[in-house]
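**Student:** pasting the structure only:
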């Protein structure tokens, strides 16, 4: 089972999530502050980080940015307000998903599995696909640009693999939420938009004039190298 680090300052929330995940077989380490959480990441080496947005001292967004500078550890944010502007900032900082508190352990477990699940690739595709100076190694789950390997967060990699599996096909935000984030309900399109913006900054020559991931206003996104 995945090792989970939970950074949450509210004792009752922290203990409730920890107990629920332990009952499902996870090894869980907890921290009450951002500073303690960053230390725990180095010592515990978790498979996934559950990160409260509103922390004392170094807040969740700052923790997320520091983690992203050093690793591609999967990150799920915890927030008490799903429409909070800070959620958008957190997604832009590199979080892969977010959960609105309070949340049942079943919901948290499902999100953990969705973020960590490796994509099953259809057979018959070339081992490495080339789009201009962009190379996508599906078997190795690696992406490089001009020969340099890119550091992609799990959600960014999943989104790119999904879009490139059907070049030129247009996908709505809801389709991408269901297929990439595995949100079967009417999900939050901000997850998709924020991930696309981050991905463009990494794979495009000019993020504001995308060559690969194109927006079709009113419809969604498609991968169609120009």
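**Tutor:** Alright, I've got the coordinates. Here the structure is a predicted model, which is why all the values come from computation and not from measurement. Numbers count the residues shown, from 1 in each chain.
**Student:** check which residues of stretch 26-41 are buried.
**Tutor:** Within stretch 26-41, the residues that count as buried by 16 or more other CB atoms under 10 Å are 26, 28-34, 36-38, 40-41. The C-beta positions use only the backbone N, C-alpha and C, and glycine is treated the same way.
**Student:** residues in contact with residue 30?
**Tutor:** Residue 30 is in contact with 5-8, 14, 18, counting by CB atoms under 8 Å, 6 or more residues apart in numbering.
**Student:** for the protein, which residues score under the pLDDT cut-off?
**Tutor:** Where the chain drops to pLDDT under 70, the residues are 81-84, 118-127, 184-187, 225-226.
**Student:** how close does the most centrally placed residue in it get to residue 205?
**Tutor:** Central residue check for the chain by CA atoms, centre = their mean: the C-alpha nearest the mean position is that of residue 96, 1.8 Å away. For residue 96, the distance to residue 205 equals 25 Å [CB to CB, to the nearest Å].
**Student:** Three-state assignment for the residue nearest to residue 5 when sequence neighbours are not counted, please.
**Tutor:** Closest residue in space to residue 5, ignoring its immediate chain neighbours: residue 46 at 3.9 Å, by CB to CB, 6 or more residues apart in numbering. The three-state assignment at residue 46 reads coil, by DSSP: H, G, I helix; E, B strand; the rest coil.
**Student:** state the number of residues packed around residue 46.
**Tutor:** Neighbours of residue 46 under the rule other CB atoms under 10 Å: 20.
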